[in-house]
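Novice: Predicted model follows, preceded by the sequence.
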Amino acid sequence: MAELGVRLAGLELRNPFLLASGIWGESGVSLGGAWSAGAGGVITKSIGSVPRAGYPNPTIETYDRWGMLNAMGLPNPGIDEYPTEIAAARAAGAPVIGSIFGATPEEFAELARRMAATGVLALELNLSCPHAEGYGTEVGGTPEEVEAIVRAVSRAVRLPVLAKITPNSADPAGLAEAAERGGAAAVSAINTVRALAIDVRLRRPVLAHGLGGLSGSAIKPVGLACVWQIYERTRLPIVGVGGISRAEDALEYLMAGATALEVGTAIAFDGISVFGRLADGLARLLDELGIARAADAVGAAHPGGAAARPSR
Amino acid sequence: MAELGVRLAGLELRNPFLLASGIWGESGVSLGGAWSAGAGGVITKSIGSVPRAGYPNPTIETYDRWGMLNAMGLPNPGIDEYPTEIAAARAAGAPVIGSIFGATPEEFAELARRMAATGVLALELNLSCPHAEGYGTEVGGTPEEVEAIVRAVSRAVRLPVLAKITPNSADPAGLAEAAERGGAAAVSAINTVRALAIDVRLRRPVLAHGLGGLSGSAIKPVGLACVWQIYERTRLPIVGVGGISRAEDALEYLMAGATALEVGTAIAFDGISVFGRLADGLARLLDELGIARAADAVGAAHPGGAAARPSR
Amino acid sequence: MRTVVRITERVVETPSTVTLRFPYGPAAAPGQFVMVWVPGDDELPMSLSYVDGPSRGVTVKAMGDTSRRILRLDAGQPIGVRGPYGRGFDLSARRLLAVAGGSGAAVLAPAAEAAVARGARVTVALGATTAAELLFGDRFRAMGAEVVEATDDGSAGVRGFVTGPADRLLAERSFDAVWTCGPEVMMLKVVGSARAHGVPAHCSVERHMKCALGMCDACALGPFHVCSDGPVFAADRLLSETEFGRFHRDPSGRRVPG
Amino acid sequence: MRTVVRITERVVETPSTVTLRFPYGPAAAPGQFVMVWVPGDDELPMSLSYVDGPSRGVTVKAMGDTSRRILRLDAGQPIGVRGPYGRGFDLSARRLLAVAGGSGAAVLAPAAEAAVARGARVTVALGATTAAELLFGDRFRAMGAEVVEATDDGSAGVRGFVTGPADRLLAERSFDAVWTCGPEVMMLKVVGSARAHGVPAHCSVERHMKCALGMCDACALGPFHVCSDGPVFAADRLLSETEFGRFHRDPSGRRVPG
Ligand SMILES: Cc1cc2nc3c(=O)[nH]c(=O)nc-3n(C[C@H](O)[C@H](O)[C@H](O)COP(=O)(O)OP(=O)(O)OC[C@H]3O[C@@H](n4cnc5c(N)ncnc54)[C@H](O)[C@@H]3O)c2cc1C
Ligand SMILES: Cc1cc2nc3c(=O)[nH]c(=O)nc-3n(C[C@H](O)[C@H](O)[C@H](O)COP(=O)(O)OP(=O)(O)OC[C@H]3O[C@@H](n4cnc5c(N)ncnc54)[C@H](O)[C@@H]3O)c2cc1C
Ligand SMILES: Cc1cc2nc3c(=O)[nH]c(=O)nc-3n(C[C@H](O)[C@H](O)[C@H](O)COP(=O)(O)O)c2cc1C
Ligand SMILES: Cc1cc2nc3c(=O)[nH]c(=O)nc-3n(C[C@H](O)[C@H](O)[C@H](O)COP(=O)(O)O)c2cc1C
Ligand code: FES
Ligand code: FES
């Protein structure tokens, strides 16, 4: 059987499949449940300085099985209460990555310190939510902003920092380069794609917030393009995310250059057992293709493979 | 029966459904065929200064019926030969909009003059192809570039100028604002979304060019978000494009703020007869909802409808 | 993937409760719920009180602002509906006790009907603040169920909470199963009585819901998601594996007592 | 939506022509084509020369660089396949004349087999530059067809183009239909003869292809797209409605003569 374990920014993961931020991520028991279901690690819901209820419903819309639109509005219990949840997730044995969002580099740094104190193994910075006023892409939409936030956080904590970037940019790889300059240990790509749905019978946007973010299979080709370009333009390990629901999707991301992967929307369509199926399926697919370790597939679709990466 | 005719930047269209650039658009007979099949008007393939063969195959990849990836590489017969094709399309009675692409404002302006001389009713500027080196987003990716090109063309010709913008931007509506400043008569949104597919068995990108552009249903929510934002931030008429294959899709775009629509990928999945079905279906849907004219639906999903647009 | 439907009928069931009927296609099972979108307002989970046939229904009790606006909706008005979601009741019991408090009868009535159709004998303990608020008493009687009523003010049936008559019924008779839906403290009591008498109980549980797809974690309850693993749960698992009756989560995901 | 398959067999048919067999699932009709992707190289349209069963095949003639690289592929090597695309032959004729030039026999052989299986009597006029290049002569004979050969150098059959014997057969015998595939000038001649003798003809046409989905316009031929309306066309429509035999379009979409 092919070896699925990967090493991401110093973390040893039993397989590349991480629970994506915002899915099963508010309660520590749920985080532990994703781990029990077979995830290689779990990323928390993005946590802010104070509790946030998020936007009113409707917060989601689905398209058959190929896409989903959401504007949750970053609901979260706030960093004061969140340590209890992390504790529950850690008690279940899950390697936990803490996701945070803030409005300024200073707020990010302070949240990072507090999240680090909970015992998470790494931090993921949400620089990329496309529908939260004052957060997400509004503070992480330019290379300058990304660099400043990543630098502030990297200086504040010793943990590896994953910068989660947006595809809603003329040059997503440029955002990854900025994260690299700021001291990120890895980059996660992608968050959702800015999108909208209208109900023609009710003559209004479906989501209460209007604009939302597209996820699921529909954005897999978009995420792959970002990972591909980041692989060619930075030396950072990449966490691929967007539309992964089958082993083939996962291997596409690995071959495009991702070292680890996140799974979100597939959980809504296929249930949490998708983690077990993805791990089994990837092992089988690697065996079929004669690839001994998931790590050997990373970047394999680039002409020259790993040699295609810029040297420093 | 609801009235489908719309007025776009001075053009009277029998219905809002235009043939999108790049589909059935190289041969004048095909352009005429799209008109005969029921299109409200036709947009040519993007034409450049010299003939271009485009990229080698594979140039396309499909995802079930919800998406398509292409990197044609802007194949086109060149402006010297193209007047013959326009003549054939006009002979068939089709209202023709000429699409052009260039590397500089000067090249755009010269192509515009020559395209205008063929008798087209309007020009569409391709500022948005995501996979053609030296063209498309590479010259129309920033507001400054968009404004300069649109201004050069608007000064060179008397015809209405449609600026076709990219969704691959932190702020697509900002590109539309730039087009408005440059003198555009309308803005077309969107072109394809930067994307990639990998064949895991062959360990390489599927498309010969690697990166390509995603089209079809998958990008409808993305196009709607762009149209929505452009509607709120400019006073330009908008041509909505991206994933329109059913009457509901069309009405979503109208209600988001589009005055006219373009149809591309649906032709690959459903055939050219999709134009007839779209027109019939839209008329029926408008009737069902008690909307007398397609034009009355424009912007209807915005709080305040047309009043939501900025005034000058 | 919402369907916009027009309300075809509005039935005032009690001074604070209204049933809205509307055409809706997808097959549903008793105990399942739909998400009801009131355009311009909110989208709320509502159990289907009419589960079969072309005309479905939800029965809404006046609680906060949104539910009050929902029950003011009239025939002809459009609402968005998606679902059904979740898992309903196990309909195999032969001797059934249904204990309903407040709007709980909304989900127990169609479930009891389905059980009766399969040959079950159903007894209903029906509670409300006052006689006029007793929900679906006639509907239960029409399906052949025996109905024992309780009101806080004693205006009908036994005075006091419905948990009293429920406990008495469990002591006096034999049941294969107890179903209960109502305020959480009521359900806790009913479950306690059922346990004491060795009868397995199922509860229909409410939690704040957003996605209804088992994804967003808003409705997390121990290791479960109420939207996809529930809303109907075996009481044993609720008590042993979850914080049922002790705390729930507000829309931000914070634990709040109760 | 390409399938990557491994070549299972490589058969040298003539000095310049090779058949590659591979497993491929989707049902196909004689006359349809697939897009064959040679990784790192190009993707070309190729008629299916073996249409049924689990093992399909294409028969490739050395033309330019890509076709030469394709026919050097060996068993075990992976190729990408998508399709089948287009419309095949009408198999209802009872007395059929198939006129093949060059690699044209690649598509006419499976079509003739299908016609024979439906009870047709098939005569084949088979042309090539020289005896060794005559493609699928034995295959045609094995299906019971009568084969009349023509070679440019006279090394087998009649000396000269296959259009000569074809015209003679049309003059001497009665046919319901003529099928032809080969160089466009050859097909034009055959269609001329068929017309003169009042027999409806069908041509399998080649044009530059990119999408194969009737979208990109690369294969435009008059009002048709060869990939989706063809590649098999009724000769009458080709002559009256298109520029068949007069010009085609290069990969840029420019008209070029021939
Ligand atoms: C599975 C399920 C089935 C339900 N079935 C019925 C039914 O058949 N009849 C009925 O009257 N009510 C039903 N409810 C309750 C209903 O969804 C609302 O919670 C209730 O109507 C109060 O809403 P409000 O907005 O008027 O109250 P508010 O005053 O706005 O809020 C009061 C409380 O309602 C709850 N609430 C608000 N929004 C939601 C939400 N999105 N999801 C869950 N709770 C929310 C919150 O806990 C809040 O504290 C059901 C709830 C669930 C979870
Ligand atoms: C429907 C159809 C079925 C065909 N079936 C067969 C078959 O069964 N056996 C066979 O040997 N050949 C077949 N061909 C022809 C084949 O696709 C190639 O055109 C031929 O092999 C020459 O390609 P090349 O790249 O080697 O030649 P090149 O030297 O590269 O080019 C020579 C000519 O080949 C043509 N060509 C190149 N690329 C393409 C393309 N993407 N689409 C169409 N033509 C192209 C061009 O017209 C070019 O001028 C078929 C073509 C079509 C359209
Ligand atoms: C309901 C929902 C909530 C999300 N919340 C967050 C979040 O809080 N923080 C974040 O960084 N990403 C969030 N995301 C984005 C996902 O983590 C992921 O980047 C995106 O959905 C693409 O992956 P997928 O296609 O596998 O879902 C959310 C996505 C969804 C669908
Ligand atoms: C095969 C193909 C070729 C295209 N060529 C062009 C082009 O030449 N110029 C242009 O402006 N857009 C081009 N486009 C983009 C389309 O015009 C359209 O903006 C996009 O496909 C989204 O619409 P759809 O989802 O209806 O296809 C092309 C799209 C496809 C699929
Ligand atoms: S409502 Fe989202 S998980 Fe249950
Ligand atoms: S190959 Fe694209 S239309 Fe035929």
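Specialist: Received it, and whenever you're ready, just let me know what you need. Ligands and ions are numbered 1, 2, ... in the order given.

Novice: Now residue C:55: closest residue in space, sequence neighbours ignored.
Specialist: The shortest distance from residue C:55 to any residue that is not its chain neighbour, by C-beta to C-beta, 6 or more residues apart in numbering or on different chains, is 5.1 Å, and that residue is residue C:21. Every residue, glycine included, has its C-beta placed from N, CA and C.

Novice: Let me see the contact set for the one you found.
Specialist: Residues near residue C:21 by C-beta atoms under 8 Å, 6 or more residues apart in numbering or on different chains: C:7, C:8, C:9, C:10, C:11, C:50, C:55, C:56, C:57.

Novice: near ligand 1, from these?
Specialist: Applying C-beta under 6 Å from any ligand atom, the subset of the contacts of residue C:21 adjacent to ligand 1 is empty.

Novice: is the least confident helix or strand in chain A by mean pLDDT up against ligand 3 anywhere?
Specialist: The helix or strand of chain A with the lowest confidence, counting by mean pLDDT, DSSP states H and E, is helix A:137-140 at a mean of 80. No - Helix A:137-140 stays out of contact with ligand 3 when judged by C-beta under 6 Å from any ligand atom, the minimum separation being 10.3 Å.

Novice: other SSEs contacting that helix?
Specialist: Contact partners of helix A:137-140 among helices and strands, from 3 or more C-beta pairs under 8 Å, 6 or more residues apart in numbering or on different chains; DSSP states H and E: helix A:143-156.

Novice: anything in stretch A:249-268 near ligand 5?
Specialist: No - interface with ligand 5: stretch A:249-268 contributes nothing (C-beta under 6 Å from any ligand atom), its closest point being 8.4 Å away.

Novice: Tell me the strands beside the one helix or strand residue C:233 maps to, with direction?
Specialist: Secondary-structure element containing residue C:233, defined by DSSP states H and E: strand C:232-234. With DSSP bridges as the test, strand C:232-234 is paired with strand C:201-204 (antiparallel).

Novice: can you give me the offset of the helix or strand following the partner strand from its chain's centre?
Specialist: Scanning forward in sequence from strand C:201-204 by DSSP H and E, the next helix or strand is strand C:220-221. With C-alpha atoms, centre = their mean, to the nearest Å as the basis, the distance from the averaged C-alpha position of strand C:220-221 to the chain average is 18 Å.

Novice: Excluding chain neighbours, what is closest to the residue in chain C positioned nearest to ligand 2?
Specialist: Per C-beta to the nearest ligand atom, the residue of chain C with the smallest distance to ligand 2 is residue C:1, at 39.7 Å. If you skip the residues right next to it in sequence, residue C:1 has residue A:62 as its closest partner in space, 4.8 Å away by C-beta to C-beta, 6+ apart.

Novice: Pull the number of nearby residues for the one you found.
Specialist: Under the neighbour criterion other C-beta atoms under 10 Å in any protein chain shown, residue A:62 is assigned a count of 20.

Novice: For it, name its beta-bridge partners.
Specialist: In this entry, residue A:62 is beta-bridged to residue A:68, by DSSP bridges.

Novice: now do residue C:48
Specialist: On DSSP bridges, the residues paired with residue C:48 through beta bridges are residue C:58.

Novice: just checking, it touches residue C:110?
Specialist: Yes - between residue C:48 and residue C:110 there is a contact under C-beta atoms under 8 Å: 6.6 Å.

Novice: Can you work out which residues contact both of these two?
Specialist: residue C:30.
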